[in-house]
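S.K.: predicted structure and sequence below. I'll ask about it afterward.
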Amino acid sequence: MNVVILAAGQGKRMCSDLPKVLHRLGGQPLLAHVLETARALNAMSAADAGKICIVYGHGGEMVRQALDAPGLVWVRQEPQLGTGHAVSQALPFLDEGMPTLVLYGDVPLIGAATLRRLLAAAGDGLGVLTAVFDDPVGYGRILRDADGRVRRIVEHRDASADERAVREINTGFMAAPTAAFRRWLPALGNDNAQREYYLTDIVGLAIGESMAVATAQPEANWEVLGVNSKPQLAELERIYQRNNAQRLMESGVTLADPERIDVRGQLDCGRDVSIDVNCVFEGHVVLGDGVEVGAHCVLKNAVIGAGSRIAPFSHLEEAEAGDNSRIGPYARLRPGTRLGADVHIGNFVEVKNSRIADGSKANHLAYLGDATIGRNVNVGAGAITCNYDGASKHRTVIEDDVFIGSDTQLVAPVTVGRGATLGAGTTLTKDAPPDKLTLTRVKQTTVPGWKRPVKKK
């Protein structure tokens, strides 16, 4: 099957310099959602798969650069003279022996099951996806004869008052033999209010050939809603997130409030996962069995082991946490962080590009950057690794069973030996030997006769 995706529209009502199809829904460009559906439909062997052809225009190479991938054919529509003209630009690249399906880059929620139903209805004829809207303003109307057969599609601007009263609308999605498109598209005219070549006019051409015109309907009307403005984008975002929430709950995830979760990528959950309100999941996030995520957390490309708890207001990006970890509140795990099992990262602790082995703890007010930390290490409050010398990053190594006192600075590169203790307030610039107490601390003194200065009147 060939797939033609129309993605050339400017989207003036978006009031943005960004091409319309690159505006994001669920963390991905609108066009990316349509591409994902097209690939799912065309998931055959490379030898048998049809072409996926994207007709682009407004935004030019910005659209192509954002989503280019092997197997895609990009065709520039310039000038932009309507949907019929857009599909005709793709004709030279389509496989004649396969049917062609027309999709839209700004209609991101169309489902593969609905499109399969359209293809089945079309057979060797023309298939049109229709829907019944309570308020069909702006949509082309499906006009049928007394026997219920489709006779014509009239655009809203060109419709009479009686035709505008029809509630069955054309969604724009069509399927037909590629050879038929090759016959029909050159015959289209532009005698209409827009002076454009309408794809919908092929219905009359098909009927003129006595070709069957079949219709199919979506499983839900929101599948065929397009994005032409920011309010419409926000409406579809909420639909998308509600659908995600429903799928999560049906798989056993407990959501404190299904209306207050944002999944901007892929979220995979084990059994008995619990997610509190206002959490955001970006990229690919994996939550193991029994994971609890507190309110207002942001997780991006993170893997969390079974039994772990993430307290509220924590941010995790490109990070992994082992089983039974305790993270937060107000913790930040930056890219490259790898926590073992039973690790505690407490409030206002930041970890970057570091490995922390099983059973270690940094419970409050610490920065651990570019560090390798062994098992059962205790990092006291206010401890930091001084990993940057102004030009290069350096690594700190802390071996097993080390105790790091509060307000300690470890000036990398430096190694703390197994079982060592660093006294509170230490600034470590040389390696600390194992099983010894190391500290750097000036002698405490009291100055006799000293008085605070008094401000002169």
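M.R.: Sure, I can see it.
S.K.: Gly283: neighbour count?
M.R.: 15 (other CB atoms under 10 Å). (Each C-beta comes from the backbone N, C-alpha and C, glycine too.)
S.K.: so what's it bridging to?
M.R.: Note on Gly283: beta-bridge partners Gly265, judged by DSSP bridges.
S.K.: would you agree it is in contact with Lys300?
M.R.: Yes. Look at Gly283 against Lys300 with CB atoms under 8 Å: they come within range, at 5.0 Å.
S.K.: helices along the protein, start to end?
M.R.: Using DSSP state H, the helices of the chain run over 30-41, 61-67, 83-90, 112-122, 161-164, 178-184, 202-208, 230-250.
S.K.: dump those helices to JSON lines, plus mean pLDDT.
M.R.: Shown next, in JSON lines, are the helices of the chain (pLDDT from 0 to 100):
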{"stretch": "helix 30-41", "mean pLDDT": "95"}
{"stretch": "helix 61-67", "mean pLDDT": "92"}
{"stretch": "helix 83-90", "mean pLDDT": "95"}
{"stretch": "helix 112-122", "mean pLDDT": "95"}
{"stretch": "helix 161-164", "mean pLDDT": "93"}
{"stretch": "helix 178-184", "mean pLDDT": "95"}
{"stretch": "helix 202-208", "mean pLDDT": "92"}
{"stretch": "helix 230-250", "mean pLDDT": "97"}
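S.K.: which residues of the stretch 301-450 of the chain score low on pLDDT?
M.R.: Judged against pLDDT under 70, the stretch 301-450 of the chain has no low-scoring part.
S.K.: out of the helices of the chain, nearest to Val414?
M.R.: helix 61-67 (43.9 Å; CB to CB).
S.K.: show residues contacting the closest one.
M.R.: For helix 61-67, the surrounding residues in contact (CB atoms under 8 Å, 6 or more residues apart in numbering) are Ala7, Pro19, Val21, Leu22, Pro29, Leu31, Ala32, Leu35, Ile54, Tyr56, Trp74.
S.K.: what's the answer for stretch 265-280, then?
M.R.: Counting by CB under 8 Å, 6+ apart, 26-28, 244, 248, 251-257, 260-262, 264, 281-299, 306, 312 sit against stretch 265-280.
S.K.: make it 6 Å
M.R.: Stretch 265-280 is contacted by residues 27, 252-257, 260-262, 281-298 when judged by CB atoms under 6 Å, 6 or more residues apart in numbering.
S.K.: filter the residues you listed down to the buried ones.
M.R.: 27, 253, 255, 260-262, 281-282, 285-288, 290-298 (16 or more other CB atoms under 10 Å).
S.K.: state the number of residues packed around the closest residue to Trp222 other than its chain neighbours.
M.R.: Excluding its sequence neighbours, the residue lying closest to Trp222 (CB to CB, 6 or more residues apart in numbering) is Ile239, at 4.9 Å. Residues lying near Ile239 (other CB under 10 Å) number 16.
S.K.: go on, the one 3 residues further on?
M.R.: Residue neighbour count, defined by other CB under 10 Å, stands at 14 for Arg242.
S.K.: please apply the same query to Val411.
M.R.: Count around Val411 with other CB under 10 Å applied: 16.
S.K.: likewise Ser314?
M.R.: Ser314 - counted by other CB under 10 Å - has 23 other residues nearby.
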